[in-house]
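In: give me coordinates for this.
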Amino acid sequence: AREAAIARTIRHPNVVQVFEDGVHDGDPYMLLEWIQGPTFDRYMVESKAGLGDRIECIRQVALGLAAAHDAGVVHADLKPANILVTEATGAKPKDNLSILESPDDSSDDDAAEELALRKEIALRLGTPEVPDLSNAPFVGREGELALLEEIARELIEDETSTFRWVILYGERGAGKRRLCEELSGLLADRGSTLTIAIAEEWGPPPEEFVGLWLSMLPPLLPDVPELLVAYEREQLAGTVREIYLKPFLRGQAIRLIERIVNHPPSARAFIDAVDAEVGGNPARLVERLDRSFEQGAWVVSGAGYRFKPEVLSPDDTAVARRLIELLPSQEKGLRDFLTSISPLGGNLDFESMLAASELPSATLYYLIDHAVRTGFLARGARGDCSIVVEPFRAYLESKIDPKTYVKIAKRALPHLHQRISAGQAPAALHLRVGRLERQLDHADRSFRVLLTGALRARQTYERELFLSCIDEARDVYRENVSKRAAHRVITQTLEEFLGGEGRGYAGLERLRRLPIAVRVHLTDFGIARKLVAGETTQQDDAGQPWGTPRYMSPEQARRSALSPASDVFSLGTIIREAFEGRHPLGKLRGKAAITALLAGEVKPPLASDSGAAVPDGLRPIVARMHSYDIKERPTATEVARALEQFQLRSATEVYP
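Out: Residues are numbered from 1 along each chain as shown. Reported below is the predicted structural model:
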């Protein structure tokens with residue numbers, strides 16, 4: 001009960017969630033989030049994790065640890081066995097039916113019986129298994145596929161040319177790679193010997209290349225010098241071809257969903273419900289379908305699935321339409337107030353709304369309360385307010401003339417920047433501030449706050465916001481390429497974030513390449529303690545200290561008062577063991593390990609030229625983590641930030 005009470009106070013993606021606890025027939029129980037994956041020590045051995053994986057896993061451990069410390073909890077038993085790691089793609093929690101999955105060593109008959117039982121239960125409950133969406137059917141690109149076939153045939157028949165360079169432009173998730181793979185498979189089935197290369201990088205075809213070179217690029221040609229020079233050369237030679245992948249049209253989107261759910265009316269109803277949200281992007285469409293299965297919006301229907309639109313949240317467009325119809329009946333003060341805060345977006349505190357509206361405090365209190373009660377504003381968990389749906393906010397913003405828009409932005413931005421500087425502003429606010437600064441033609445401020453917002457979204461695992469911030473920053477960069485002074489400042493900002501190699505679109509792509517999926521979960525708060533006046537005491541005053549000796553801090557070995565710095569020492573041990581391939585205490589365990597800790601006999605870090613060592617860029621902070629002076633140790637937040645900085649400056653090496 002004590003463990004559950006402590007663990008429930010920590011709500012973070014990198015900490016195992018406690019759903020319920022109690023006593024049944026005299027036995028205590030605790031219901032925890034299911035995590036599919038091995039412990040960190042097993043993962044290091046079984047997966048042979050590379051540098052990038054190790055850095056990312058440890059960064060997420062530090063984030064989870066920081067969340068615990070912010071909640072006033074010291075874990076006191078941080079070790080590899082209490083860290084769970086999921087697959088690199090981000091394994092999903094199992095549902096209640098997943099416990100019926102047959103083990104790997106079962107016979108074929110047993111497996112078939114288990115599968116039949118599982119399907120029968122799913123059918124009776126009306127809860128279908130989520131279909132495998134990792135390889136969604138190819139649809140909607142038949143015209144582009146035919147065009148690629150024509151280019152391939154042109155190359156085969158043209159005896160004077162050795163290659164064609166095809167550039168496929170499109171936003172992330174538009175299906176560029178899938179289209180290339182479809183072409184490759186199609187030609188292979190026809191027995192063609194044509195060499196097809198799907199370029200992983202933005203570089204042009206090598207001079208010696210013979211065949212079809214397929215490059216997947218953003219919607220605009222990046223300003224990579226090597227790429228631009230080759231593009232102009234091949235254009236003159238007539239060997240380059242370009243294809244632009246646009247979002248799906250409604251009919252294409254319906255066909256894709258129909259092939260998955262095998263129920264045409266449901267496919268159309270689903271597109272009606274989510275079209276405004278996904279914008280025709282194939283990847284976002286499949287992801288939204290995946291979430292709708294998790295929300296229970298589908299039931300088994302014959303050989304397919306039937307959609308239940310009432311399960312999903314009301315359509316934003318319908319909500320906006322109702323509010324627009326209601327707005328004229330409201331008092332003018334409320335209408336003016338809502339219009340004045342609309343350029344600022346969501347997550348607005350009282351001071352931000354006060355600055356934007358220029359209303360007296362008492363009047364603003366009344367208007368906010370009235371707007372929440374009438375459904376125009378939604379109040380968040382921290383008291384922040386947001387206009388309830390984006391289409392309604394956009395409608396209000398469209399009613400503001402340019403001069404008034406500038407005045408509102410200038411009044412509100414100083415306070416919004418103060419919130420961002422305080423370090424706790426959500427990524428959505430960063431994105432909105434970046435857009436406001438862009439509207440005021442403050443390119444340098446916009447670019448900086450957008451990059452900061454991207455990193456903030458990554459810390460909170462908000463993938464869409466992460467990509468939106470980077471895409472907006474890309475637009476700011478593109479708009480200012482020809483403006484020498486602004487471009488110089490923007491380039492300096494990018495180098496500040498990414499190091500000397502982080503320039504231009506390639507630098508932004510390095511940022512985009514960083515992983516964002518939840519990989520790590522901290523568990524087992526059995527001997528954790530709540531902080532009292534900044535520190536907590538050990539479990540007992542006599543006998544051996546509680547915990548795992550090999551991963552204790554010196555103060556824990558002494559049975560002295562613990563603090564968040566104690567967990568940081570333990571994390572330093574895990575980091576060194578992960579990179580050096582050995583434990584800082586060697587093979588010592590139990591009392592011998594405690595004695596060595598107390599005597600200061602922790603082995604020094606291995607030299608960087610030993611072949612297995614902590615990377616040079618991380619050695620200073622790891623050394624601080626293992627300091628016997630508690631005051632010298634960094635916080636878990638500082639450790640996470642240092643690991644992220646290492647990732648940013650080493651993205652090409654860590655994530656090739």
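In: contacts and neighbour counts: CA atoms only from here.
Out: Fine.
In: let me see the ranges of the helices in the stretch 101-250 of the chain.
Out: Counting by DSSP state H, counting those that start in this stretch, residue ranges of the helices within the stretch 101-250 of the chain are 108-125, 142-157, 176-189, 225-237, 250-261.
In: average pLDDT for the last one?
Out: Think helix 250-261. Per-residue pLDDT over helix 250-261 has a mean of 86.
In: for it, list the C-alpha coordinates in PDB.
Out: Taking only C-alpha atoms (Å, rounded to 0.1, in the frame of the first residue of the first chain), the coordinates of helix 250-261 have been written out as PDB:
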ATOM      1  CA  ARG A 250     -11.100  11.900 -49.900                       C
ATOM      2  CA  GLY A 251     -11.800   9.000 -52.200                       C
ATOM      3  CA  GLN A 252      -8.200   7.700 -51.900                       C
ATOM      4  CA  ALA A 253      -8.400   7.900 -48.100                       C
ATOM      5  CA  ILE A 254     -11.700   6.000 -48.000                       C
ATOM      6  CA  ARG A 255     -10.200   3.300 -50.200                       C
ATOM      7  CA  LEU A 256      -7.300   2.900 -47.800                       C
ATOM      8  CA  ILE A 257      -9.500   2.500 -44.700                       C
ATOM      9  CA  GLU A 258     -11.900   0.300 -46.600                       C
ATOM     10  CA  ARG A 259      -9.100  -2.200 -47.500                       C
ATOM     11  CA  ILE A 260      -8.200  -2.400 -43.800                       C
ATOM     12  CA  VAL A 261     -11.600  -2.600 -42.100                       C
END
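In: and that helix, what does it pack against?
Out: Secondary structure elements in contact with helix 250-261, counted by 3 or more Cα pairs under 8 Å, 6 or more residues apart in numbering; DSSP states H and E, are helix 264-278, strand 304-307.
In: how about a cut-off of 6 Å?
Out: Helices and strands in packing contact with helix 250-261 are listed as helix 264-278; criterion 3 or more Cα pairs under 6 Å, 6 or more residues apart in numbering; DSSP states H and E.
In: shaky segments in the stretch 301-450 of the chain?
Out: Within the stretch 301-450 of the chain, the stretches falling below the threshold (pLDDT under 70) are 313-315, 381-382.
In: for it, what spans make up the helices?
Out: Shown for the stretch 301-450 of the chain, the helices assigned by DSSP H, counting those that start in this stretch span residues 316-326, 332-341, 350-357, 361-373, 390-398, 402-421, 427-439, 443-459.
In: what about stretch 60-75, distance to the chain center?
Out: In terms of Cα atoms, centre = their mean, to the nearest Å, the centre of stretch 60-75 is found 19 Å from the chain centre.
In: what's that stretch in contact with?
Out: Residues outside stretch 60-75 that contact it (Cα atoms under 6 Å, 6 or more residues apart in numbering) are 10, 14-15, 525, 528-531, 564, 636-637, 640.
In: cutoff 7 Å now
Out: The set of residues that contact stretch 60-75 without belonging to it, under Cα atoms under 7 Å, 6 or more residues apart in numbering, is 9-10, 12, 14-15, 520, 522, 525, 528-531, 563-564, 567, 636-637, 639-640.
In: now swap in stretch 597-608 and tell me
Out: By Cα under 7 Å, 6+ apart, stretch 597-608 touches 554, 557, 580, 584-585, 596, 613, 616.
In: and with 10 Å instead?
Out: By Cα atoms under 10 Å, 6 or more residues apart in numbering, the list of residues contacting stretch 597-608 from outside reads 549-558, 573, 576-577, 579-586, 591-596, 612-616, 619, 622-623, 626, 628.
In: so residue 414 makes contact with residue 352?
Out: Yes - when contacts are counted by Cα atoms under 10 Å, residue 414 is listed as touching residue 352 (9.1 Å).
In: the more surrounded of the two?
Out: Here residue 414 and residue 352 are compared on neighbour count by other Cα atoms under 10 Å; more neighbours surround residue 352, at 21 against 12.
In: report the contact partners of that one.
Out: Taking Cα under 10 Å, 6+ apart as the criterion, residue 352 is in contact with 341, 344, 358, 384, 411-416, 419.
In: check residue 306 too.
Out: 128, 261-267, 269-270, 297-300.
In: which among those gets closest to residue 407?
Out: residue 270 (41.3 Å; Cα to Cα).
In: for the closest residue to residue 340 other than its chain neighbours, grab the count of nearby residues.
Out: By the measure of Cα to Cα, 6 or more residues apart in numbering, the closest residue to residue 340 outside its immediate chain neighbours is residue 357, 5.5 Å from it. Other residues within reach of residue 357, judged by other Cα under 10 Å, total 19.
In: ok, residue 357 touching residue 404?
Out: No - with contacts counted by Cα under 10 Å, residue 357 stays clear of residue 404, the gap being 11.2 Å.
In: intersection of neighbour lists for these two?
Out: Both residue 357 and residue 404 are contacted by residue 340, under the criterion Cα under 10 Å, 6+ apart.
In: of the contacts of stretch 60-75, which belong to helices?
Out: Among the contacts of stretch 60-75, the ones falling in helices (DSSP state H) are 564, 567, 636-637, 639-640.
In: check contacts around the residue nearest to residue 340.
Out: The contact partners of residue 357, by Cα under 10 Å, 6+ apart, come to 336-341, 351, 364, 408, 411-412.
In: of the residues you listed, which is the nearest to residue 375?
Out: Within the contacts of residue 357, the smallest distance to residue 375 is 11.8 Å, found for residue 338 (Cα to Cα).
In: now the closest one: closest residue in space that isn't a chain neighbour?
Out: Excluding its sequence neighbours, the residue lying closest to residue 338 (Cα to Cα, 6+ apart) is residue 396, at 7.4 Å.
In: now for the one you found, how many residues are close by?
Out: Counted by other Cα under 10 Å, the residues lying close to residue 396 total 20.
In: please apply the same query to residue 398.
Out: Burial of residue 398, expressed as a neighbour count using other Cα under 10 Å, amounts to 14.
In: and it, how close does it get to residue 391?
Out: 11 Å (Cα to Cα, to the nearest Å).
In: right, I'll call it a day here.
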